[in-house]
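Asks: turn this into a structure:
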Amino acid sequence: MGLADTIKKRPWIFIVIVVTLIVIAFFFSLNTGASTMGPKDVIQTLLGNGTDKHQLILFEFRLPRIVIAILVGAGLAVSGAILQSITKNEIAESGILGINAGAGLAVVLFIFFFQTINLAISSNYLLPIAALFGAILAAVIIYLFAWKDGVSPVRLILVGIGVNAGFNAILIIFQLKMDPQDFTEAITWLSGSIWGTDWSYVLAILPWIIILIPLTMIKAPSLNILHMGDEIASSLGIHVEKERGLLLLIAVALAGASVSVAGNITFLGLIAPHLVRRIIGPKHQFLIPGSALMGALLLVVADIIGKNLLAPSEIPVGIVVSALGAPYFIYLLIKTN
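Replies: Residues are numbered from 1 along each chain as shown. Sure thing, here's the model as predicted:
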């Protein structure tokens, strides 16, 4: 029996491997950035013996940034896993379907209309709520336009792409009305960036992640049954539309909260669950936590690449993820019937 077969039969091995890789990436990321800090400096600072400068860099800049990457990566990956299961479409993902664009539009509108008001603290907590409403609006529009005697996978993707384009056009209109500084910030944010995040952003997204991902785990048996088809699910006593609606709301909320603090990061929700499904299989009891961990790992690694590839300049993490994810998306489109 090969390693692949062993991992598929014992998914906990995969979980342990990915957790180990996250820990390695975590400490590697602590050592990299615009300001030089060696491994010894990092260890000394973590133990409370670092200089004031090292403590500032580590605890106020790098640590919250890495934690945000882990939380956002997990949120987007689980959102993608849910969408792929309830639509029975392996190329479904919040960014491709336009849900991220809806959340992004809501956030930009919030910033545009309230930028003259001093909401420095409260805005970090209000942004996820604004993003959630935008994501829900996008999901409702997509679902209504995609409905035609049911929702077919191809129709869902095409409608999602159209809605995505429409929301992005509206985004451009409001960006053109911003002053140059706000416009630059909006462009950076919409590209998907976790640069400049602090602990307030962590506190803003943390409740959504620690509540919704465990709730998704509780719903794993329902996801397994829904993935088998509506007729089989109904025959097994599942209220299909009710379960699908609740799971869709969870996926939208995870995507909206993630976009609100990290911008529009596309393809992560596509790649992570798809890779995990190929490695350990489709059982959602393992697919959900596996996808969360894989999404966290991919975003931390993408952030490391983004801040070191063209150092001292930084590439927004969303661009790095898109550069890696777009070829994989094309591969799936070619492969999918």
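Asks: what helix or strand does Gly256 sit in?
Replies: Using DSSP states H and E, Gly256 sits in helix 240-262.
Asks: check Ser313 too.
Replies: Once you assign secondary structure using DSSP H and E, Ser313 falls outside every helix and strand.
Asks: what separation is there between it and Gly306?
Replies: Ser313 sits at a distance of 10 Å from Gly306 (criterion: Cβ to Cβ, to the nearest Å). The way it works is simple: take the backbone N, C-alpha and C, and place the C-beta from them, glycine included.
Asks: next: Ser322.
Replies: Remark: distance between Ser322 and Gly306 (Cβ to Cβ) = 11 Å.
Asks: over to Leu56?
Replies: The value you get for Leu56 to Gly306, if Cβ to Cβ is used, is 22 Å.
Asks: those two - which one has more neighbours?
Replies: With neighbours defined as other Cβ atoms under 10 Å, Leu56 and Gly306 compare such that Gly306 has more, 24 against 14.
Asks: ok, the nearest residue to the more buried one once chain neighbours are set aside - how many residues close by?
Replies: In space, and not counting its chain neighbours, Gly306 is closest to Ile315: 4.2 Å by Cβ to Cβ, 6 or more residues apart in numbering. For Ile315, the tally of surrounding residues (other Cβ under 10 Å) stands at 20.
Asks: with Ala165 instead?
Replies: Neighbour count for Ala165, taken as other Cβ under 10 Å: 11.
Asks: just checking, next helix/strand downstream of the one helix or strand Ile271 maps to?
Replies: Element membership of Ile271 [criterion: DSSP H and E] is helix 268-280. Downstream of helix 268-280, the next assigned helix or strand under DSSP H and E is helix 284-308.
Asks: going along the chain, name the helices of the stretch 51-200 of the chain.
Replies: 52-55, 63-86, 94-97, 99-114, 122-146, 153-176, 180-190, 199-218 (DSSP state H, counting those that start in this stretch).
Asks: so Arg244 is in contact with Thr87, correct?
Replies: No: using Cβ atoms under 8 Å as the test, Arg244 is too far from Thr87 to be in contact (9.0 Å).
Asks: isn't the residue nearest to Gly306 up against Ile304?
Replies: No: between Ile315 and Ile304 there is no contact under Cβ under 8 Å: 11.0 Å.
Asks: count the residues that sit near Pro312.
Replies: The number of residues packed near Pro312 is 9, by other Cβ under 10 Å.
Asks: state the pLDDT value of it.
Replies: Pro312 is assigned a pLDDT of 73 by the prediction.
Asks: and it, how close does it get to Ala69?
Replies: Between Pro312 and Ala69 the computed distance is 20 Å (Cβ to Cβ).
Asks: same deal with Ser85?
Replies: On the measure of Cβ to Cβ, Ser85 and Ala69 end up 25 Å apart.
Asks: now do Pro221: how many residues are near it, please.
Replies: Neighbours of Pro221 under the rule other Cβ under 10 Å: 13.
Asks: neighbouring contacts of whichever strand or helix holds it?
Replies: In this assignment (DSSP H and E), Pro221 forms part of helix 220-226. Contact partners of helix 220-226, identified using Cβ atoms under 8 Å, 6 or more residues apart in numbering, comprise 82, 85-86, 216, 232-233, 236, 238, 240, 243-244, 247, 282-285, 287-288.
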